[in-house]
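1. Any chance you could fold what I've pasted below:
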Amino acid sequence: MKKIYLLVFASLFMLNCSSDSDNSAEQMYFPPTDSSNTWETKSITDLSWNQSAVQPLLDYLEQKNTKSFIILVNGRIVMENYFNGHTATSPWYWASAGKTLTSTVTGIAQDEGLLNINNKVSDYLGTGWTSAPLAKENLITCKNLLSMNSGLNDALGDNVEPANLQYVADAGTRWAYHNVYVKLQDVVAEASGQTWTNYFNTKLRDRIGMTGGAWINSGDGLSVYWSTCRNMARFGLLSLNKGKWNGTTIVNENYFVQATTTSQPINQAYGYLWWLNGKSSYHLPTSQFEFNGTLMSNAPSDMYAALGKNDQKIYVIPSKKMVVIRMGDVANPDNPTFALSGFDNELWDKINDLYQ
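-> The predicted model follows:
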């Protein structure tokens, strides 16, 4: 009788864990990088997810001004939906979710020995790239730009010309969300002897099949990346696999792990231009206030995310072998934000219903 009880218990345990174990055992899939645009799929039924939760999620996404939405599990498309006139071939902007592209390409350039993120920015751009006193400017390393703790004034708008990059605090002593990170693109260009666009295309975009995406100048020395939702999903898949694409290293795994780990002691929820869930506190753009608790309480604690203005989202969840992409207009027009918004937790409440 005791053996029967043990067998029943084991069977129930295996049944409860079957979905996650199947996901972890299944081989990771990578879509081809040619122009075929083929991509393997996996159904909600195959995953033993809750089919009745799909339509409420879709209704919510459409209501919240979404244009495109994708869920990948083990690289395969589980959901791919387009709304409000958007299609699979429609490009859309990444906004600050594209910061993670700059982080990744900086890591690639370091892998190639072109730069070292611990070196000061002026080693590559020369002095006078800010209007800070020279001694203070020389404190700012490439790693400070990746970590958002350059010490430069974040209250002066998006312009990254020297006159607008003014000293507030010593590098490393103050966390502030600032578009000065874009100077890393200039660092990569100077270090490689190529334009940023050319280096990015050859070292990242083309190698993982993000065909057609482009950097569009938005003024003030900034460029914003535009692509299809599937191209954003490709980058999410690369990120899920810690910089590897179908067995090929695109960016060194050690660097990628650093990029998705707390990068400085002030904002626990920030890596190298990646947002990190599951930490005990966090800071937000335009504020020096520390919030207690995790970034997104409804989302998995191991998630890291690329978050852009008007709710452009890349969520990467290693424990579930999952990537979630959302592109569109701002979800809550009365409360637009630069990165995190109330939409994140609301959306994860709906996503959780799929598999809980």
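2. Can you list phi and psi of Ile250 for me?
-> Phi and psi for Ile250, reported as degrees, to the nearest 10, are phi -90, psi -50.
3. For it, give me its contacts.
-> Thr104, Ile108, Lys203, Leu204, Arg207, Ile208, Leu238, Gly243, Lys244 (Cβ atoms under 8 Å, 6 or more residues apart in numbering). All C-beta atoms are positioned from the backbone trio N, CA, C, and that covers glycine.
4. which among those residues gets closest to Trp215?
-> Trp215 has its nearest neighbour among the contacts of Ile250 in Leu204, at 11.9 Å by Cβ to Cβ.
5. What ranges does this protein have for its helices?
-> 2-25, 54-63, 99-111, 122-125, 134-137, 142-147, 183-192, 196-200, 229-240, 253-259, 342-355 (DSSP state H).
6. among the ones you listed, which is nearest Pro91?
-> helix 229-240 (8.5 Å).
7. got the buried residues for the closest one?
-> Cys229, Arg230, Asn231, Met232, Ala233, Arg234, Phe235, Gly236, Leu237, Leu238, Ser239, Leu240 (16 or more other Cβ atoms under 10 Å).
8. do the same with stretch 257-275
-> 258-260, 263-264, 266-275.
9. same check, this time on stretch 130-138
-> For stretch 130-138, using 16+ other Cβ under 10 Å, the buried residues are Thr130, Ala132, Lys136, Glu137.
10. Next: stretch 44-52.
-> Within stretch 44-52, judged by 16+ other Cβ under 10 Å, the buried ones are Ile44, Leu47, Trp49.
11. Which of the buried residues of stretch 130-138 sits closest to Val330?
-> Of those, the one sitting nearest to Val330 (Cβ to Cβ) turns out to be Thr130, at 31.5 Å.
12. The closest one and Gly213, how far apart?
-> 30 Å (Cβ to Cβ, to the nearest Å).
13. Please apply the same query to Phe291.
-> Phe291 sits 33 Å away from Gly213, going by Cβ to Cβ.
14. try Lys313
-> Distance from Lys313 to Gly213, by Cβ to Cβ: 17 Å.
15. quick one: contacts for the spatially most central residue of the chain?
-> What sits nearest the mean C-alpha location of the chain, by Cα atoms, centre = their mean, is Ala306, with 2.5 Å. Shown in contact with Ala306 (Cβ under 8 Å, 6+ apart): Trp94, Ser96, Ala97, Gly98, Lys99, Thr100, Leu273, Trp274, Trp275, Gln312, Lys313, Ile314.
16. switch to 7 Å and redo it
-> By Cβ atoms under 7 Å, 6 or more residues apart in numbering, the contact list for Ala306 reads Ala97, Lys99, Thr100, Trp274, Ile314.
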